[in-house]
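Trainee: based on what follows, work out the 3D shape:
(chains A and B, ligands or ions: 3)
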Amino acid sequence: MSQDRLIEIETGILAKNDLYAQANRARLAERSILAVNLVSSPGSGKTTLLCKTIEALGGQPLGVIEGDQQTQNDADRIRATGARAVQVNTGKGCHLDGHMVGHAMDHLDLAPGSLLFIENVGNLVCPAAFDLGEDGKVAILSVTEGEDKPLKYPDMFTAARLAILNKIDLAPHCDVDLDLYEANLRRVNPGIEILRLSARTGEGMADWIDWLRAQLADKSAPEAAE
Amino acid sequence: MHEMSLCEGIRRVIEDQARKHNVARIRRVRVEIGRFAGVETGALHFAFDVVMRGSVAEGAELVTLELPGRAMCYDCMKEVEIMDRLDPCPTCGGGKLMPQGGDEMRIKDLEVA
Ligand SMILES: Nc1nc2c(ncn2[C@@H]2O[C@H](COP(=O)(O)OP(=O)(O)OP(=O)(O)O)[C@@H](O)[C@H]2O)c(=O)[nH]1
Ligand SMILES: [Mg+2]
Ligand SMILES: [Zn+2]
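Mentor: Residues are numbered from 1 along each chain as shown, chains lettered A, B, ... in the order given. Ligands and ions are numbered 1, 2, ... in the order given. Down below sits the predicted model:
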């Protein structure tokens, strides 16, 4: 029996997740694979955007990890484009974690220089806290959700590098103020990049594809170029 | 919302530590939670009691210590302490604040029974 009455720990509650995330990050770096974690509330258009993105990227090697509590629907939609996809069902879980993503990466076995899209469980709260080893989070916000969402759920938008305002084709039909969306995003994350887009009409898609290609180029650039 | 999985994380750490230090019973667990960690302490206490059942920390007291929220003001370029995520900069009144901490979720220590 230890004599100590107090055991000092000082470790993060999510330390285990962080270890899995670090291992994922190292594997991705080794193969210069760019991993993008798409986060949003349910139905903002993540899968639709991914299908259009895969088409637009042409021959770019890529894979998709789909996270949902239930169903294979989203992985099936991705596979219909010809791309490889692994569905992860989290059951009661409200987010993907580093461990699940590591397993899914084993199944995808992506070639060097690939792009890995991770579509997180539709949820504006929990996925913000779980590092998956990704290069960056991209938050999708559709214009019908309300301009105040960044203020109500700041953590997700603070954690994101880029925000995509999706479904702008609907803007003329609803009373939405796109500038107010942007102002509220910058209020919770002054450094965030913002793109306005419609996955339906393709408006804004070119900027998103450019953004992805620039990130890919950075990732595969030799260390010396830093 | 994920207080349950946080408590599962706490349980794993406690069980590892209990094995390492060869202790059979934990009486008190102290955790440090940042103001911006998005953790609801009421829900955390509730989940803690449920998740610790059958472990060395069953029935243990959970103590949450709050850590301040810090942010970088993009207007005056100072690091400031704020109480609420959407508070203006206490120094210059600016509204462009980038959190620099306050999202901590740490287990500080365990008290052995
Ligand atoms: N008008 C319009 N509808 C869109 C757009 N993007 C997606 N949608 C529609 O929004 C609905 C939800 O799209 P999904 O792609 O399934 O959304 P998701 O974010 O993947 O949903 P979950 O994975 O269930 O969280 C579908 O009916 C899409 O057709 C868009 O740019 N404009
Ligand atoms: Mg989807
Ligand atoms: Zn200031």
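Trainee: please count neighbours and contacts with C-alpha atoms only from this point.
Mentor: Noted.
Trainee: residue B:59 reaches residue B:53, doesn't it?
Mentor: Yes: using Cα atoms under 8 Å, residue B:59 makes contact with residue B:53 at a distance of 7.4 Å.
Trainee: who's more crowded, those two?
Mentor: When residue B:59 and residue B:53 are compared for neighbours, residue B:59 comes out ahead with 17 against 13, by other Cα atoms under 10 Å in any protein chain shown.
Trainee: which SS class is the nearest residue to the more buried one once chain neighbours are set aside?
Mentor: The shortest distance from residue B:59 to any non-neighbouring residue, by Cα to Cα, 6 or more residues apart in numbering or on different chains, is to residue B:49 (6.7 Å). For residue B:49, the secondary-structure state derived from DSSP: H, G, I helix; E, B strand; the rest coil is helix.
Trainee: point out where the chain drops to low pLDDT.
Mentor: Chain wasn't specified; assuming chain A. A:1-4, A:222-226 (pLDDT under 70).
Trainee: wrong one, chain B
Mentor: For chain B, counting by pLDDT under 70, the residues that fall below are B:1.
Trainee: at 90 what do you get?
Mentor: In the predicted model of chain B, residues B:1-5, B:9, B:36-40, B:84-85, B:101-103, B:113 satisfy pLDDT under 90.
Trainee: can you give me the strands in it?
Mentor: Ranges of strands in chain B, per DSSP state E, are B:26-34, B:61-67, B:69-73, B:79-82, B:97-101, B:105-112.
Trainee: repeat for chain A
Mentor: A:6-12, A:34-39, A:62-68, A:84-89, A:115-119, A:136-142, A:162-166, A:193-196.
Trainee: let me know whether the second one sits next to chain B.
Mentor: No: on the criterion Cα under 8 Å from any Cα of the partner chain, strand A:34-39 is out of touch with chain B, staying 15.8 Å away.
Trainee: identify the residues contacting residue A:118.
Mentor: A:35, A:36, A:37, A:38, A:64, A:65, A:66, A:67 (Cα atoms under 8 Å, 6 or more residues apart in numbering or on different chains).
Trainee: for the first one, give its distance to residue B:93.
Mentor: I take that to be residue A:35. According to Cα to Cα, to the nearest Å, residue A:35 and residue B:93 sit 37 Å apart.
Trainee: and these two? Which one has more around it.
Mentor: residue A:35 (27 against 12).
Trainee: doesn't residue A:113 make contact with the more buried one?
Mentor: No: with contact defined as Cα under 8 Å, residue A:35 does not count as touching residue A:113 (10.6 Å).
Trainee: residue B:2 - how many residues pack around it?
Mentor: Counted with other Cα under 10 Å, residue B:2 comes out at 20.
Trainee: for it, which non-adjacent residue is spatially closest?
Mentor: Per Cα to Cα, 6+ apart, closest to residue B:2 is residue A:126, 6.1 Å.
Trainee: same check, this time on residue B:108
Mentor: Per Cα to Cα, 6+ apart, closest to residue B:108 is residue A:10, 4.5 Å.
Trainee: residue contacts, that neighbour?
Mentor: Contacts of residue A:10 by Cα under 8 Å, 6+ apart are B:106, B:107, B:108, B:109.
Trainee: out of those residues, give me the one that has the most neighbours.
Mentor: residue B:107 (24 neighbours).
Trainee: quick check: bridge partners of it?
Mentor: Bridge pairing for residue B:107 (DSSP bridges) gives the partners residue A:11, residue B:31.
Trainee: doesn't residue B:30 make contact with it?
Mentor: Yes: the pair residue B:107 / residue B:30 is scored as a contact, 6.1 Å apart, by Cα under 8 Å.
Trainee: now do the contacts for residue B:62.
Mentor: So residue B:62 contacts B:28, B:29, B:30, B:31, B:45, B:48 (Cα under 8 Å, 6+ apart).
Trainee: using JSON lines, lay out these together with distance to residue A:142.
Mentor: Shown next, in JSON lines, are the contacts of residue B:62 (distance: Cα to Cα, whole Å):
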{"residue": "B:28", "distance to residue A:142": "45"}
{"residue": "B:29", "distance to residue A:142": "42"}
{"residue": "B:30", "distance to residue A:142": "40"}
{"residue": "B:31", "distance to residue A:142": "37"}
{"residue": "B:45", "distance to residue A:142": "35"}
{"residue": "B:48", "distance to residue A:142": "36"}
